[in-house]
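Trainee: need a structure here:
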Amino acid sequence: MHDRDPNIIHSGLSRTVTIQGASVEVLIYRLEHDPKWALEVVNEAKTSTVFDALFDTDDEALQAFELTLAEEGIQAFLDRTNVIEFPRRY
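Mentor: Now for the predicted structure:
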(Lines give C-alpha, C1' and ligand atoms only; values in the text may rest on other atoms or scores of the structure.)
Protein backbone atom coordinates (compact mmCIF):
# COMPACT_ATOMS: atom_id res chain seq x y z
CA MET A 1 0.00 0.00 0.00
CA HIS A 2 1.31 3.45 -0.90
CA ASP A 3 0.99 6.43 1.37
CA ARG A 4 -0.66 9.34 -0.35
CA ASP A 5 1.06 12.70 -0.66
CA PRO A 6 -0.24 15.24 1.85
CA ASN A 7 -2.60 17.94 0.66
CA ILE A 8 -1.26 21.47 0.47
CA ILE A 9 -3.35 24.09 2.26
CA HIS A 10 -3.08 27.54 0.63
CA SER A 11 -3.66 30.61 2.77
CA GLY A 12 -6.24 33.17 1.80
CA LEU A 13 -3.49 35.74 2.47
CA SER A 14 -1.58 34.66 -0.64
CA ARG A 15 -1.62 37.41 -3.25
CA THR A 16 0.06 39.13 -6.15
CA VAL A 17 1.92 42.34 -5.29
CA THR A 18 2.94 44.90 -7.94
CA ILE A 19 5.35 47.72 -7.07
CA GLN A 20 7.21 49.97 -9.50
CA GLY A 21 5.93 47.88 -12.41
CA ALA A 22 7.33 44.60 -11.00
CA SER A 23 4.97 41.86 -9.84
CA VAL A 24 5.62 39.00 -7.43
CA GLU A 25 3.34 36.24 -6.30
CA VAL A 26 3.31 35.77 -2.52
CA LEU A 27 2.52 32.13 -1.72
CA ILE A 28 1.72 31.12 1.84
CA TYR A 29 0.98 27.45 2.38
CA ARG A 30 1.36 24.45 4.67
CA LEU A 31 0.99 20.70 4.53
CA GLU A 32 -2.34 19.43 5.85
CA HIS A 33 -0.82 17.74 8.91
CA ASP A 34 1.76 20.42 9.69
CA PRO A 35 0.65 23.51 11.61
CA LYS A 36 3.59 25.66 10.39
CA TRP A 37 3.26 27.92 7.35
CA ALA A 38 5.81 28.34 4.55
CA LEU A 39 6.43 31.56 2.62
CA GLU A 40 7.52 31.61 -1.01
CA VAL A 41 7.78 34.60 -3.33
CA VAL A 42 7.85 34.01 -7.10
CA ASN A 43 8.84 36.78 -9.49
CA GLU A 44 7.87 37.28 -13.14
CA ALA A 45 10.89 35.23 -14.31
CA LYS A 46 9.54 32.37 -12.15
CA THR A 47 12.52 32.66 -9.81
CA SER A 48 11.43 31.53 -6.36
CA THR A 49 12.57 32.89 -3.00
CA VAL A 50 11.65 30.50 -0.20
CA PHE A 51 12.06 31.74 3.35
CA ASP A 52 14.03 29.33 5.55
CA ALA A 53 11.83 29.90 8.58
CA LEU A 54 8.41 28.38 9.01
CA PHE A 55 5.74 30.50 10.67
CA ASP A 56 3.18 29.74 13.37
CA THR A 57 0.44 31.57 11.47
CA ASP A 58 -0.18 32.64 7.90
CA ASP A 59 -0.40 36.23 9.16
CA GLU A 60 3.16 35.97 10.52
CA ALA A 61 4.32 34.74 7.11
CA LEU A 62 2.69 37.71 5.40
CA GLN A 63 4.27 40.07 7.96
CA ALA A 64 7.71 38.60 7.16
CA PHE A 65 7.14 39.33 3.46
CA GLU A 66 5.96 42.86 4.22
CA LEU A 67 8.96 43.51 6.51
CA THR A 68 11.39 42.35 3.82
CA LEU A 69 9.58 44.51 1.28
CA ALA A 70 9.78 47.56 3.58
CA GLU A 71 13.46 47.03 4.41
CA GLU A 72 14.84 45.87 1.05
CA GLY A 73 12.21 46.81 -1.52
CA ILE A 74 10.80 44.73 -4.35
CA GLN A 75 14.36 44.29 -5.67
CA ALA A 76 14.98 41.72 -2.92
CA PHE A 77 12.81 39.34 -4.92
CA LEU A 78 14.02 40.34 -8.38
CA ASP A 79 17.80 40.22 -7.88
CA ARG A 80 19.33 37.20 -9.56
CA THR A 81 22.80 37.81 -8.10
CA ASN A 82 22.04 35.47 -5.22
CA VAL A 83 21.02 32.54 -7.43
CA ILE A 84 23.26 29.52 -7.02
CA GLU A 85 23.67 27.68 -10.28
CA PHE A 86 23.82 23.91 -10.05
CA PRO A 87 26.73 22.35 -11.94
CA ARG A 88 25.84 20.61 -15.16
CA ARG A 89 26.27 16.91 -15.19
CA TYR A 90 26.98 15.26 -18.46
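Trainee: so who does Gly12 touch?
Mentor: Shown in contact with Gly12 (Cβ atoms under 8 Å, 6 or more residues apart in numbering): Asp58. Every C-beta, even on glycine, is put in place using the N, C-alpha and C of the backbone.
Trainee: helix, strand or coil for it?
Mentor: Secondary structure, DSSP: H, G, I helix; E, B strand; the rest coil: Gly12 is coil.
Trainee: separation between it and Asp59?
Mentor: Using Cβ to Cβ, to the nearest Å, Gly12 is found at 11 Å from Asp59.
Trainee: Can you list the strands that whichever strand or helix holds Glu25 pairs with?
Mentor: Per DSSP states H and E, Glu25 falls inside strand 22-31. Strands that pair with strand 22-31, judged by DSSP bridges, come out as strand 8-10 (antiparallel), strand 15-19 (antiparallel), strand 38-43 (antiparallel).
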